[in-house]
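Asks: build the 3D model from these lines:
(2 chains)
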Amino acid sequence: MGNFSVVTISREVESLGDEIALKLSKRLGLTVIDREGWVSFLEKEKPGFPVEPPLEEDKQREWMVVARELLREKAEKQAFILLGRGGQRILEGLDSAFHLLVVAPVKMRLQRIMEKYHQDEVTASRILAEQDLQRERFLLRHFGIDWKNPLYYHLTLNTGAYQVEEACHLVIEAMKKATGKAPLLPAKQASLFEEKNFLKETVVFSHPSEEEFARILDFYNIRWLYEPRTFPLAWDSEGNVIEAFAPDFYLPDFDLFIELTTQRQKLTWKKNKKVRRLKELYPEVKIKIIYARDYQHIVRKFGGTK
Amino acid sequence: MTAPARLGSLVFSREEVQKRVREVGEQISRDYEGRRPLLIVILRGAVYFAVDLSRTLSIPFDIDFMALSPFKPGLQRVEIEKDVDTPLLGRDLLIVEDIVDTGLTLNFLVRSLEKRFPRSIKVCSFLNCPGRRIAEVDIHYFCFEIPDIYVVGYGLDFRGDFRNLPEVYTLYDPTGRDTQILKKMGKGGKK
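Replies: Alright, predicted model coming up:
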């Protein structure tokens, strides 16, 4: 497997990522560390160490450093596959780790859920949306990443285009041909292993008010992600997304999405409609619209003479 | 030159304010019976409320003050401009605020104080405006909950003015929006 001693596999729900991990493990003679394996590994190597990173920023950073070191030490003794568990984040920037993302078209994933749970299409859509959301929130809150960003990975595989066997072949070929350097991190995310959050400066905001709001959040040391998630709101008869909504900010510490609008309140009906629809489809998502008036108040208050 | 701001409608009269402050003070006295809380007053707005509140307490207490730097472009992070002089280890802290709306300041403050290992931290705010909340914070005591309106008086200012009023008013709002909201609350008398 070239110079790599770890393969991290991140996968969409029902995208055949688990099957690829299993097949790869047989082909390359590697063990697979999944959730269960991760728990046993920690019990053995560092009893009492939390299985997931804590939510507090400083503790999260400490957790990540320890987990990375444990995995790096293990990789020096024996190569392995890390399935999920935020592997792409824990081992980001490590030259000996190959990061793979497995995706599949919604239609195929829906079909698999319908067969697996014996459900109709509507119920399966809901199950899939919930599971996707859970995964997204877990990685945002505990690892602070937009995990679907392909820049975290050496390779993104669409199992809508390849069978498991072919997919494994492609992974092995990609590992042979890789430069041996870790992928450059996506611009929106700062590395946990960098002292400065300098990459946030490269975020391109659509509106100056968003930039100012981000500065206020930074000022109060509140972590944020800019437009990290797009929520599909409507689909056509073939399952293609025809309407979607990407709230401006996500605050992982409060599990809260924020949409800023500087339009007059009378003109915000379209946005209100989208938010109402989002709440219907994703009732567990917390979202708040900050209207022009609220926003002016915030700016006035924080620019004022408190 | 900016025109001077004008007061709008009366939101809480002096009598209403004093009655609620007394009630909250009595509740705090009951809750902290047998203990000696440290009141941490956040400068500058909360001073008026803190003075009145402390006079209603029937328990022994200590008082100290903190001030945070206001947000301004160029300043990267909020800073504690004036810190407490009292050691906080093992103390029961009661943060006294004038208003909690977005919760950003208070969230920062609570996180900062937690690092000094007090026994407990509670928050007492004169006004609570949950409609504007961004950062989650627990408000244990408050005198009044208000809707999304801009108010002044009883420590709350607009560009430094109106802090010394013993009542709470809205600022003059030519659109009439605040007046409508106040009417729904059964409020809205003129000064």
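
Asks: so where's the stretch 1-150 of chain A uncertain?
Replies: Applying pLDDT under 70 to the stretch 1-150 of chain A picks out residues A:1-2.

Asks: for it, what spans make up the strands?
Replies: A:6-11, A:31-33, A:80-83, A:97-103 (DSSP state E, counting those that start in this stretch).

Asks: now, of the ones you listed, which is deepest in the fold?
Replies: Across the strands of the stretch 1-150 of chain A, averaging neighbours per residue (mean count of other CB atoms under 10 Å in any protein chain shown) puts strand A:6-11 on top, at a mean of 26. Using the backbone N, CA and C atoms, a C-beta is placed for each residue, glycine as well.

Asks: so what touches it?
Replies: Residues outside strand A:6-11 that contact it (CB atoms under 8 Å, 6 or more residues apart in numbering or on different chains) are A:1, A:17-18, A:20-21, A:24, A:30, A:71, A:75, A:79-84, A:87-88, A:91, A:94, A:96-103, A:147, A:152-153, A:171, A:175.

Asks: next one: stretch A:115-129
Replies: So stretch A:115-129 is contacted by A:13-14, A:106, A:109-110, A:113-114, A:232, A:235, A:281-282 (CB under 8 Å, 6+ apart).

Asks: what comes up buried for it?
Replies: A:124-125, A:127-129 (16 or more other CB atoms under 10 Å in any protein chain shown).

Asks: take the strands of the stretch 1-150 of chain A and lay them out in CSV including distance to A:S40.
Replies: Below are the strands of the stretch 1-150 of chain A laid out as CSV (distance: least, CB to CB, whole Å):
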stretch, distance to A:S40
strand A:6-11, 17
strand A:31-33, 9
strand A:80-83, 13
strand A:97-103, 21
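
Asks: quick one, helices of the chain?
Replies: No chain specified, so I'll use chain A. Listed in chain order, the helices of chain A (DSSP state H) span A:17-28, A:35-45, A:57-77, A:87-90, A:106-117, A:121-143, A:164-177, A:208-219, A:269-281, A:292-302.

Asks: sorry, I should have been clearer: chain B.
Replies: B:14-31, B:47-56, B:104-114, B:177-184.

Asks: please identify which of the ones you listed is closest to chain A.
Replies: helix B:104-114 (4.5 Å; CB to the nearest CB).

Asks: returning to that earlier point: now distance to chain A too, for the helices of chain B, in CSV please.
Replies: Compiled in CSV, the helices of chain B are given as follows (distance: least, CB to the nearest CB, whole Å):
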stretch, distance to chain A
helix B:14-31, 21
helix B:47-56, 12
helix B:104-114, 4
helix B:177-184, 8
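
Asks: pLDDT score for the residue nearest the centre of chain B?
Replies: With distances taken as CA atoms, centre = their mean, B:D98 lies nearest the centre of chain B, 1.5 Å away. pLDDT recorded at B:D98 is 95.

Asks: ignoring the adjacent residues along the chain, who's closest to it?
Replies: Excluding its sequence neighbours, the residue lying closest to B:D98 (CB to CB, 6 or more residues apart in numbering or on different chains) is B:G45, at 3.5 Å.

Asks: identify the residues contacting residue 111.
Replies: Because you didn't say which chain, this covers chain A. So A:Q111 contacts nothing (CB under 8 Å, 6+ apart).

Asks: my bad, the chain I had in mind was chain B
Replies: Counting by CB under 8 Å, 6+ apart, B:R111 touches A:N221.

Asks: so how far is A:E243 from it?
Replies: B:R111 is 39 Å from A:E243, where distance means CB to CB, to the nearest Å.

Asks: try A:I289
Replies: From A:I289 over to A:E243 (counting by CB to CB), the distance is 18 Å.

Asks: looking at the two, which is more packed in?
Replies: A:I289 (18 against 12; other CB atoms under 10 Å in any protein chain shown).

Asks: correct me, but that one touches A:N272?
Replies: Yes - the pair A:I289 / A:N272 is scored as a contact, 7.1 Å apart, by CB atoms under 8 Å.

Asks: what's the neighbour count on A:V204?
Replies: Residues contacting A:V204 under the criterion other CB under 10 Å number 9.

Asks: dump the residue contacts of the residue lying closest to A:L251 once chain neighbours are set aside.
Replies: Using CB to CB, 6+ apart and skipping the chain neighbours, the partner closest in space to A:L251 is A:W224 (5.5 Å). The contact partners of A:W224, taken as CB under 8 Å, 6+ apart, are A:214, A:217-218, A:249-252.
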